[in-house]
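S.K.: coordinates only, sequence not included:
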Ligand code: GLU
C-alpha cells in the first residue's frame, strides 16, 4: 500500500484557531493510524494577510497540543521547500505547461486563467460526505496565477499536494467548492488526486457558524493555553469535534485516538463547540494528575496575581483543597479569592444541625485548642482528635459540626487542609460568631 501522507496547510494569517487545530489534528490522527507522515506546508501566497510570527506560533501550538510534525519548514524533509513563496519557480513551470497545452490562457495584464472544460462532471467520493458532483458549467475560468506572478490557492495547492505525494486531505467544508477547480488541474496535468474529506462546520451554542469575529467565544488555542487548559484535554476535546469514537467513553488519550481514527465515524451534522464540555474534559484531566504536578501549574498563576505563597507545603495544601474543583488551572485565582472572601453566613439547615447536635461544647473547645496552637493541617487534625476523645463525639456531628462552624459549608475538601489556608484569626472570629447561636 502507498504510504499515507497528509498535510495541514495553514496560511500564516493569524493565530491557531480551534477550526485550524481540528484540521491539523484530524490529518495527524489519520496519518498516524496508518503509520504515515504528517506534513506542514505554509500557504503564504496571500502576502498582504501574512502576519509576522504567524507561522511559528501555529507550529509551536500544534506541538504543544501533542502533535508530532514529520516535515515542515522548520523540521525539514525531503519534499521541501515547505513555504509556497519559496516554490514560485515550481509553479511557473507548471503554469507554462498548462499554457502550452491549452488548459490555460494569459490575460493582457499577465495574469493566467485556467480554462474550464465544457460539459464536464467532476465527482469525488468525500471521506466525510460521500459522493459529491459538480458541473463544469457552474465554474468560470478562474485565475491561476495573479498578474504579480503569485499563484492562487487552487492552483498552488494541486502542484504541492502532487509533488509532496499527499494521499489524503482533510480540510474545512468551505473548501468543497474549491475541490472541482483542483480536480480540473489534476486532470489537465495528468496527476492522480488525493482522497478528500471535508469536515463539518463548527457552530457556537446558538448554532451559528463559529466565526473569528464571535468575541463571546474564546477560539484561539493560545488563549486556552494561557488560561491553564491542559494540552491533552484540548487534544481530546478537539478530536471529538466532528468525529466519534467507537466506544461510549469520551476521555481518551493520544494513542487511543490514533488507534481508533481510521477514516470512518465522521459526524455529518455540524459539531457544536460546547464550552461546558471543554471545561468538563479539562477538569477530568486536572483531577487525574498528582498534587505535585498541579502545584507546579498553579504556581505561576498565583505569582502573576500577587498571591503570596507561604512555602511549598502551603502550595501543596492549596492544591489538594482546590484540585477537584478546578476546570482550568487559572481558575485557582478566583476560587482562592472567593474562598478567602466568602461571607460567613449560617443558613437554616446549618443552624439546625448545630443546635440539634448540641455542638456548643465542640465549638468552644475547638476555639480554646487552636488559640495558641501552630496553624498547620496536622495540628488541626490533632485538635479534632482531642475533641473527639474529650467530648466523646465522632463522625458527622464532629466533622460536619466543625465544618459548619468554621466555613459555613456542609461539604468540601479535607477540613484541616482547608482551614490551614485561612488566617487563624478569621477562623477564631467565625467560631465566636457561631457561639452566639446559644
Ligand atoms: N490554506 C488553506 C486554508 O488555510 C488550506 C486549505 C487546504 O487544506 O487545502 O484554508
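M.R.: Thanks, I have the structure now. Not measured: the values here are computed from a predicted model.

S.K.: give me the phi and psi for residue 2.
M.R.: phi -60, psi 140 (degrees, to the nearest 10).

S.K.: pretty sure it contacts residue 192?
M.R.: No. Under the criterion of Cβ atoms under 8 Å, residue 2 is not in contact with residue 192, lying 9.8 Å apart. All C-beta atoms are positioned from the backbone trio N, CA, C, and that covers glycine.

S.K.: residue contacts, residue 73?
M.R.: 40, 42, 55, 80, 81, 82, 83 (Cβ atoms under 8 Å, 6 or more residues apart in numbering).

S.K.: hang on, the fifth one packs against residue 88?
M.R.: The reference is to residue 81. No. Applying Cβ under 8 Å, one finds residue 81 not in contact with residue 88, separated by 10.0 Å.

S.K.: quick one, which of the contacts of residue 73 are buried?
M.R.: Buried subset of these (neighbour count, 16 or more other Cβ atoms under 10 Å): 40, 42, 55, 80, 82, 83.

S.K.: and residue 344, what pLDDT?
M.R.: On pLDDT, residue 344 comes in at 94.

S.K.: tell me the secondary structure at it.
M.R.: coil (DSSP: H, G, I helix; E, B strand; the rest coil).

S.K.: can you check residue 285 too?
M.R.: Residue 285 - assigned by three-state DSSP - is helix.

S.K.: got the buried residues for stretch 424-438?
M.R.: Of the residues in stretch 424-438, 427, 430, 431, 434 count as buried by neighbour count, 16+ other Cβ under 10 Å.

S.K.: OK, contacts around the closest residue to the second one other than its chain neighbours?
M.R.: Read that as residue 430. Setting aside the residues directly before and after it, residue 430 is nearest to residue 344 in space (Cβ to Cβ, 6 or more residues apart in numbering), at 5.1 Å. If a contact means Cβ under 8 Å, 6+ apart, then residue 344 has 407, 408, 429, 430, 433 as its contacts.

S.K.: could you dump those residues into CSV and include distance to residue 153, secondary structure and pLDDT?
M.R.: Listed next are the contacts of residue 344 as CSV, based on distance: Cβ to Cβ, whole Å; DSSP: H, G, I helix; E, B strand; the rest coil; pLDDT from 0 to 100:
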residue, distance to residue 153, secondary structure, pLDDT
407, 60, helix, 95
408, 61, coil, 95
429, 67, helix, 97
430, 65, helix, 97
433, 69, helix, 97
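
S.K.: export the residues you listed to TSV and tack on distance to the ligand?
M.R.: Shown next, in TSV, are those (distance: Cβ to the nearest ligand atom, whole Å):
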residue	distance to the ligand
407	52
408	53
429	59
430	57
433	61
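
S.K.: now do the end-to-end distance for stretch 46-64.
M.R.: End-to-end distance for stretch 46-64, by Cα to Cα, to the nearest Å: 27 Å.

S.K.: any residues touching it, and which ones?
M.R.: For stretch 46-64, the surrounding residues in contact (Cβ under 8 Å, 6+ apart) are 8, 10-16, 20-21, 24, 40, 42, 44, 69, 72-74, 83, 85, 150, 153, 221-222, 225, 231.

S.K.: identify those among the contacts of residue 73 that sit within helices.
M.R.: Using DSSP state H, the subset of the contacts of residue 73 located in helices is residue 55.
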